[in-house]
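1. Provide a 3D model corresponding to the input given below.
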Amino acid sequence: MKKYVNLFVFVFMIGACLSQGRAQTKSAVSYKNPVVDIAMPDPTVIKAADGYFYVYATESTRNVPIMKSKDLVEWTYCNTAFTNKTRPRFEPKAGIWAPDINYINGKYVLYYAMSVWGGEQTCGIGVATADSPQGPFTDHGKMFRSNEIGVQNSIDPSLLQYEGRNYLVWGSFRGIYVIELTADGLSIMPGAKKKRIAGTAFEAVYIHKHDDYYYMFASIGSCCRGVKSTYKVVVGRSKKVWGPYKDKTGKPMLKNGYSLVIGANDHFVGNGHGSQIIQDDAGQDWLLYHGFSRSTPENGRILLLDQIKWDQEGWPYVEGGSPSYETQKAPVFNN
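-> Numbering: from 1, shown residues only. Below is the predicted model of the structure:
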């Protein structure tokens with residue numbers, strides 16, 4: 001029955017995209033979590049040339065769901081990145097996990113992981129491209145497997161652009177690594193060597209520059225056990241892009257130090273795997289991430305939104321240290 005309910009919801013949302021997409025011109029003034037109440041795990045987001053934000057997620061909906069929004073609050077379903085015919089197949093029985101969307105040299109570039117639970121040596125990272133954020137995406141196949149690059153559990157890719165060059169950050173509970181990519185972002189730079197930048201407590205890493213520091217946002221704990229999930233968003237920082245990243249006490253992330261950003265509360269649990277940080281037109285920073293609703297965990301890892309604020313010492317936080325659940329002021333976009 002659950003599968004039929006989820007199918008009905010997405011069929012409804014396809015119709016909503018067609019009927020409401022053109023009408024979505026004004027930004028919301030307030031919102032309440034969740035902003036999407038169906039499974040959208042491991043979100044990644046980009047603002048495209050058409051003025052819409054596009055979010056992609058691990059495929060609870062097969063072939064990687066794509067939704068769009070003008071304001072990060074009101075989302076409509078649009079498409080999947082792949083079809084059954086075009087989906088990546090370098091790991092034939094695997095799921096497509098943790099996509100990461102970027103814009104490189106006039107192309108929308110989507111990194112993704114392919115894995116099965118427990119397949120820590122055969123999982124790996126692939127890449128696809130499209131001319132439009134809604135696809136269709138053309139798969140360019142595998143960039144590397146775990147057993148080829150020497151990093152067990154090679155999942156959770158994210159692009160880091162630094163001094164005009166492309167770098168891939170990846171890893172999950174076996175160390176976090178970075179390696180340089182080619183200018184088009186489609187392969188590893190010939191001769192490039194991987195570098196370890198964090199320990200074994202982390203996955204879902206995203207590096208963000210704010211003022212004088214680079215911040216390594218990551219997730220720790222168990223992601224996928226419903227209300228028993230222990231996932232949390234954590235952070236460390238460094239004045240140098242390659243680290244060493246340290247927590248508030250000075251403990252290096254290479255030794256599994258971290259400071260908490262988003263934990264659990266009475267409403268949401270298992271909160272983590274944040275997207276890229278989006279700044280609104282008022283200069284406020286926002287993070288999309290997933291979590292389970294304690295009241296409806298059967299909906300899966302739903303999409304949450306909260307403002308990232310910065311304290312006097314320059315450390316990121318959300319109000320209350322956990323997801324908001326009462327009505328909040330929405331991001332400001334002058335659409």
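
2. Helices along the stretch 51-200 of the chain, start to end?
-> 146-149 (DSSP state H, counting those that start in this stretch).

3. Give me the below-cutoff pLDDT ranges for the stretch 1-150 of the chain.
-> 1-25 (pLDDT under 70).

4. can you give me the strands in it?
-> Secondary structure of the stretch 1-150 of the chain, counting by DSSP state E, counting those that start in this stretch: strands at 30-31, 44-47, 53-56, 65-69, 76-80, 95-104, 107-115, 124-130, 138-145.

5. Just name whatever secondary elements the fifth one is in contact with.
-> In terms of contact count using 3 or more CB pairs under 8 Å, 6 or more residues apart in numbering; DSSP states H and E, strand 76-80 is assigned the packing partners helix 2-20, strand 65-69. Placement of C-beta: from N, CA and C, glycine included.

6. Partner strands of it, with direction?
-> Within its sheet, and counting by DSSP bridges, strand 76-80 is paired with strand 65-69 (antiparallel).

7. Go ahead and measure how far the strand it pairs with is from the middle of the chain.
-> 13 Å (CA atoms, centre = their mean, to the nearest Å).

8. Count the residues that sit near the closest residue to residue 300 other than its chain neighbours.
-> Counting by CB to CB, 6 or more residues apart in numbering, residue 39 is the residue found nearest to residue 300 once chain neighbours are left out, at 3.0 Å. When counting by other CB atoms under 10 Å, one arrives at 21 neighbours for residue 39.

9. Can you tell me how far residue 255 is from residue 243?
-> Note on residue 255: its distance to residue 243, by CB to CB, to the nearest Å, is 12 Å.

10. One more: residue 30?
-> 39 Å.

11. can you check residue 217 too?
-> Taken as CB to CB, the span from residue 217 to residue 243 is 14 Å.

12. more neighbours, these two?
-> Between residue 217 and residue 243, residue 217 has the larger neighbour count (other CB under 10 Å), namely 29 against 21.

13. was I right about the more buried one contacting residue 206?
-> Yes. With contacts counted by CB atoms under 8 Å, residue 217 reaches residue 206, the gap being 4.8 Å.

14. shared neighbours of those two, anything?
-> Here residue 217 and residue 206 have 274, 277 as joint contacts, going by CB atoms under 8 Å, 6 or more residues apart in numbering.

15. Check which helices and strands the helix or strand containing residue 292 sits against.
-> For residue 292, the host element (DSSP states H and E) is strand 285-293. Helices and strands touching strand 285-293, by 3+ CB pairs under 8 Å, 6+ apart, are strand 268-272, strand 278-279, strand 302-310.

16. Just name the most buried of those strands.
-> strand 268-272 (a mean of 27; mean count of other CB atoms under 10 Å).

17. List of residues touching that one?
-> 33, 204, 219-227, 229-233, 262-264, 289-294, 301, 304, 322-323, 325.

18. Over to stretch 253-263?
-> 176, 196-202, 216-218, 220, 232-236, 243-251, 271-272, 274, 289, 306, 308, 315-318, 321-323.

19. returning to that earlier point: can you say which of the strands of the stretch 1-150 of the chain is nearest to residue 183?
-> Nearest to residue 183, of all the strands of the stretch 1-150 of the chain, is strand 95-104, at 8.2 Å by CB to CB.

20. count of neighbours near residue 332?
-> If we define neighbours as other CB under 10 Å, then residue 332 has 13 of them.

21. Fine by me, thanks again.
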